[in-house]
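Asks: structure, please.
(3 chains)
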Amino acid sequence: MNIFRYGALAAMAFSAGIAGTAAYAADTSYAQLQRGKSLVDAGDCVSCHTVDGGKPFAGGRPIETPFGLIYSPNITPDRETGIGAWSDEEFYNAMHFGTDPKGARLYPAFPYPYYSKLTRSDVDAIRQYLNTLPPVRSAIAVSANNAHRVSGLIWPLNYRFFMRGWDWLFFDPGEFRPNPKKSAEWNRGAYLVEGAAHCGACHTPKNTLGGDENSHLLQGANIQNWFAPQIANDVRSGVGSWSTDDIVEYLKTGRNKFSGATGPMAEVVGNSTSKLPDSDLHAIAVYLKDTPGAAVDAGSKPEQKIFASGKAIFADSCAGCHQANGQGVPQMFPPLAHNANVQSSDPATTIRVILEGAQTVPTSARPTASSMPAYNWKLSDDQIAAVANFVRNSWGNSAPAVSASQVAEMRRQLQANIAQ
Amino acid sequence: MARKLPAVDVVLVGFGWTAAILGQELTDAGLNVVALERGGWRDTSTDFGVTFAQDELRYYWRRALFEEPARETLTFRNDQSQTALPMRHLGSFLPATGVGGAGIHWNGQNWRFLPSDFVAKSHNTQRYGSLPDGMTIQDWGVTYEELEPYYDRFEYICGISGKAGNLNGKIQAGGNPFEGPRKREYPNPPMEMAYAPTLFAQAATETGHVPFPCPSANMSRAYTNPLGVTLGPCTYCGFCEKFGCGNYSKSSPQTTILPVLMRKKNFELRTECEVLSVKHDMAAKRATGVIYVDTQGEEWEQPAEIVVLCAFAQHNPWLMMLSGIGQRYNPQTGEGTLGKNYAYQIVSSVDVFFDDKIMNPFVGAGALGIGVDEYNGDNFDHAGLGFIGGGYLACWQTNGRPIETHPVPKGTPKWGAKWKQAVAKNYLTTATIATHGAVMSHRGNYLDLDPTYHDVHGRPLLRLTFDYTDNEHKMSDYLTDRAAEIAKAMKPREFHAKKREGHYSIVPYQTTHNTGGAIMGTDPKSSVVNRYLQTWDLHNLFVMGSCVFPQNPGYNPTGTVGALTYWAADAIKNKYLKNPGALVQA
Amino acid sequence: MSGPSVSRRDLLSVGVAIGSTAALGSGADARSYAGKMPWIPGEANAPEPITAGPFQFLTPDEATFLDAAVARLIPADDLGPGAKEAGVTTFLDRQLAGPFGKGSRWYMQGPWKKGESTQGYQSRLSPAELYRAAIKDIDAHCNEKFSGKKFSQLTADQQDQILKDLEQGHLKLKDSEGKTFFTVFLQNTIEGFFSDPIYGGNRDMVGWKLIGFPGARYDYRPYVKQHGKKLNLPPVGLKGRPGWNPNT
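Replies: Predicted structure coming up:
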């Protein structure tokens, strides 16, 4: 099946490439460039294509995959080391079919299954905007022309891949088709969520072969030892209790009265959503609020003894910021009561944040980069499990029990990250 | 030989409160600003998070956040007849090292000086005739009215909790009726009051005083400042002074300004870089940059269009002396200005012991307290008292950290079974009234370079010559007597007035309110900097901090340091940049 | 006192520009920060608890001396354990073996002069050297005065008299200044009795329990207005309290 699909894709890419020899007149109007920039922001391209402290879009950032590190390519218009020599058609093929100019498959660390939904006109706008960036000759990054190439070796298909967009097996190229029964705003939101913003890359669970479980669209998934929570419309573990304005505020400022963006989402807000126009954020919110959520299993309650020690730890160590009633401080210390991620069936983020702390993303609107300290040195696995159980089952919260061995495993995983 | 770096618009020496303010203001004006800090990066959750900030041994007694004398210290003597000896470990005062400076570990007691404090010399001579022999106080060259908007700015950046006592000249119930007129209320209401200050307030009222909640940089509620930076509500944990605040509820550079400043493209902070001297061109009346050394021992020259000294108080005049800028003060002739008028604070206290009233001293905050201001500045008639100046009385409830705070009645041995019993008996049931008095400048109190001792870089140490004079002792005794009267009215089992007796000692902790040495004034004969904190000698060299105070009034200095910094930043932005040169003609 | 994670920060960012320092073109080798508020997950400049095991600085004789002496400074009595029972000797050992004992933050360059009392500590001895010299001198003095007995072998009253003489400067020692030693020793003993248990003293938080200090808590808001009320909060150390452990 894999071979078949691969072959079919390659053929499509090839034919598209041929078609692409017919030149388009490049639209470099201000409006087109602004549209392109907005889409590049929405796609958060800069996060993956920039190394810490390096020139924006010049690539070189190591991206973890189950095979080891892939270095993101340089997408500045440098002709030798970037994508300056690509034709618009070749760029479209990369975005739409996931193929490089020679027709070879790109690693789906590059989320083309989502970008495939973009209209040709939008892809061209992105290209035109990228063309305005200063060309960077980047010796660090592997050239865009041979990075990401699939080696042709047999894939370890039985492995569950944690990468964004690591779902090429289930890839159906094709532009977004509006739903005529929904509003223009809903359709704009769907276009962004399913396309450029590629929210599902993190938030949609993957099947055993790494493809999106579309029946569980945006219902939360584990990715690189984070749990990207449900962002569909479930009250307890999703955005069901958030208004559209709450969602807009979160995406715009990095926080609202329910939560603050930390971990990978901090980068998404900082580099992407905080820069989007309010109208797009509102459209995203409308779409998310209309995406059916799934109630998650609350599991069984933790033992009384564990709960009691968790309560003691919380009172002595956590209430100073999160408040005794779990309500937090608006815009400053996230509430834990009724917090979706805290109540997710998968406790990865809760455990991780207790272990290594978290910084809420600073944005222009909310510049406070408040952060939670790491408890990795202070609390044992038992104690972290106990306090996690307490916060997941207090103030009306309910979620399955967390075990000390889950904490130990997360500790091990994070230690392995440091070793890299 | 120092390697020369590309020039920048502004270089800030040190990175505490004043540098954070200037960094923010001058980058806003479009300038490229580099700050050089001798210590390291420090931030709330990683360096003093709630997980470990409450560590009395590490932070206070082992000095984790403070300057290391092994690297820099000063020598000290009470008067010129003595040989100054090095301060080998910290005691009397606690300068910081690291980003945020002493703004990390202050209590947060944030005051404005009185209008008459800024014209101390003319005001007191007009009212009381000639000054005591040897007293060298002077007017500041800037008035309270001029500084009011800048006090306001700093208070709103910090989110000070308090109650106005004088709004536009109208006295307000509940506030300090003696304060200078303010244009608007404090940004936050007063903190919730603990038991001991509440008892003090009752007794103060009964004895004819007007008690008020002291202005506090500990947040009485969550607060978002004009830069958009949010602080959390104070949790009264009792670990303020000498500690970093673990939950973002005490104003500091980190909690009020750095989140915005650090994100700017035209700002850069270099840590572990120690400035050795200021380079200058005397003929051109300009500083040309600074020389600094990094941890590897490499020396660098950072050229700059504007140089601002933002280090801790006495370090600024020291750097000027080491750089050969200005005329050093000569106590014999009274000539020269650099190093002149070092001053400090004089403090005393009255411990008030109860049998039945549980104070829970550990429920505290750095600026949680009730004050009375009847005996500050010239709020009372000094005729016949034999001194000028004054101070406030306050019942603070800052902490119950037991190594530091275990009051025992007079006559208790310092150790043994009786000591242990007294500590156990009185720990929960004792209140303390503090007096916080002014120190007037005196011709024998000054800073210069030590002839014998050197720092790690081979530079002569600063030499501090200082003692309290009759004026301070009389004034402090007067304040202590008033505090004892209120203590008596609290109807305790007993109280113990601890007057400040004898010579100033550098051993016990008193306050970190060191002032003077690069004082401001109206002409170059009597001051190092003009009213805009610009040096008279080099028009692009500015000096911040309490070293510019010509004498030290009876309040904690930080509020005025903040106000003067905003005032100077405004002058640089709106006057100096338009026409670089002397802002006041000598 | 830095936790292991500090070295991790060093690994990650020494010499590496964080953010876009390019804006100002720093050419120096220093650590440079620009463009954002730095923060690294998992980092904590956490305290270093003492490690269990034998004494690291004290000789057996010195430990015996200190056991006896701290028991006089803060004795066990009806109110509860004293400094000895609280582990203050272990606390002192670890302090003297570490940066404090070495006086590593202190200015320790000559010339050395006695100076006035207002000028503070002027001994050329580091705290560890001061303890070593003073204990030896005091035991030698006792040996001479009490016919071959060490300080630890004296009666409580005799020990108290020696300590008083030291405190008041009446006891002249051979290589050390008795009053200076006593000042440092008393201060350190109080530190050991009241500091966090991670440092070896204040065992089971007995010092805090004696007076009613609730320890390393961070939120007293519910109690600010509870004027005059005894709170009876169990003390908490930096590494917790018994109630934190789900397995006990």
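Asks: quick one, what contacts the residue nearest to A:Ser272 when sequence neighbours are not counted?
Replies: In this structure, A:Ser272 finds its nearest non-sequential neighbour in A:Asp44, 3.7 Å apart by C-beta to C-beta, 6 or more residues apart in numbering or on different chains. All C-beta atoms are positioned from the backbone trio N, CA, C, and that covers glycine. Applying C-beta atoms under 8 Å, 6 or more residues apart in numbering or on different chains, one finds that A:Asp44 lies in contact with A:Ala197, A:Glu267, A:Val268, A:Asn271, A:Ser272.
Asks: one more time with 7 Å
Replies: By C-beta atoms under 7 Å, 6 or more residues apart in numbering or on different chains, A:Asp44 lies in contact with A:Val268, A:Asn271, A:Ser272.
Asks: what is the burial count for the nearest residue to B:Thr558 once chain neighbours are set aside?
Replies: Setting aside the residues directly before and after it, B:Thr558 is nearest to B:Asn110 in space (C-beta to C-beta, 6+ apart), at 5.7 Å. For B:Asn110, the neighbour count with other C-beta atoms under 10 Å in any protein chain shown is 30.
Asks: quick one: B:Asn110 from B:Pro557, how far?
Replies: Distance, B:Asn110 to B:Pro557, by C-beta to C-beta, to the nearest Å: 10 Å.
Asks: please save the CA atoms from the longest helix anywhere in chain C in CSV.
Replies: Identified as the longest helix of chain C according to DSSP state H is helix C:127-145. Provided in CSV are the C-alpha atoms of helix C:127-145 (Å, rounded to 0.1, in the frame of the first residue of the first chain):
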residue,chain,number,x,y,z
PRO,C,127,36.1,30.4,59.7
ALA,C,128,37.3,26.8,59.3
GLU,C,129,40.8,27.7,60.4
LEU,C,130,39.4,29.7,63.3
TYR,C,131,37.4,26.8,64.6
ARG,C,132,40.3,24.4,64.2
ALA,C,133,42.7,26.8,66.1
ALA,C,134,40.2,27.8,68.8
ILE,C,135,39.0,24.3,69.6
LYS,C,136,42.6,23.2,70.0
ASP,C,137,43.4,26.2,72.2
ILE,C,138,40.4,25.8,74.4
ASP,C,139,41.0,22.1,74.9
ALA,C,140,44.6,22.9,75.7
HIS,C,141,43.5,25.5,78.2
CYS,C,142,41.1,23.0,79.8
ASN,C,143,43.8,20.4,79.9
GLU,C,144,46.0,22.8,81.8
LYS,C,145,43.4,24.2,84.2
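Asks: which is the succeeding secondary structure element to that helix?
Replies: helix C:156-167 (DSSP states H and E).
Asks: what mean pLDDT does that following helix get?
Replies: Averaging pLDDT along helix C:156-167 gives 98.
Asks: and the following helix or strand past that helix, what's buried?
Replies: Where DSSP H and E defines the elements, the next helix or strand beyond helix C:156-167 is helix C:178-194. Across helix C:178-194, burial judged by 16 or more other C-beta atoms under 10 Å in any protein chain shown covers C:178-186, C:188-194.
Asks: check these against chain B, which are close?
Replies: C:Leu186, C:Ile190, C:Glu191, C:Phe194 (C-beta under 7 Å from any C-beta of the partner chain).
Asks: residues touching the third one, list them.
Replies: Neighbouring residues of C:Glu191 by C-beta under 7 Å, 6+ apart: B:Leu57, B:Trp61, B:Ile403.
Asks: need the pLDDT of the second one.
Replies: What the model reports as pLDDT for B:Trp61 is 97.
Asks: isn't it right up against B:Ile403?
Replies: Yes. At 6.2 Å, B:Trp61 counts as touching B:Ile403 under the criterion of C-beta atoms under 7 Å.
Asks: name the residue in those two with the higher neighbour count.
Replies: Legend: neighbour count by other C-beta under 10 Å for B:Trp61 and B:Ile403, higher for B:Trp61 (20 against 17).
Asks: so what's that one closest to, chain neighbours aside?
Replies: Going by C-beta to C-beta, 6+ apart, B:Trp61 has C:Glu191 as its nearest residue, at 5.8 Å.
Asks: what are the ranges of the strands in the chain?
Replies: In the absence of a named chain, chain A is used. A:62-65, A:68-71, A:221-223, A:226-228, A:358-359, A:371-372 (DSSP state E).
Asks: that's the wrong chain, I wanted chain C
Replies: With DSSP E as the criterion, chain C has strands spanning C:31-33.
Asks: mind jotting down where the helices sit in it?
Replies: Counting by DSSP H, the helices of chain C are C:4-13, C:60-73, C:88-97, C:99-102, C:127-145, C:156-167, C:178-194, C:206-211.
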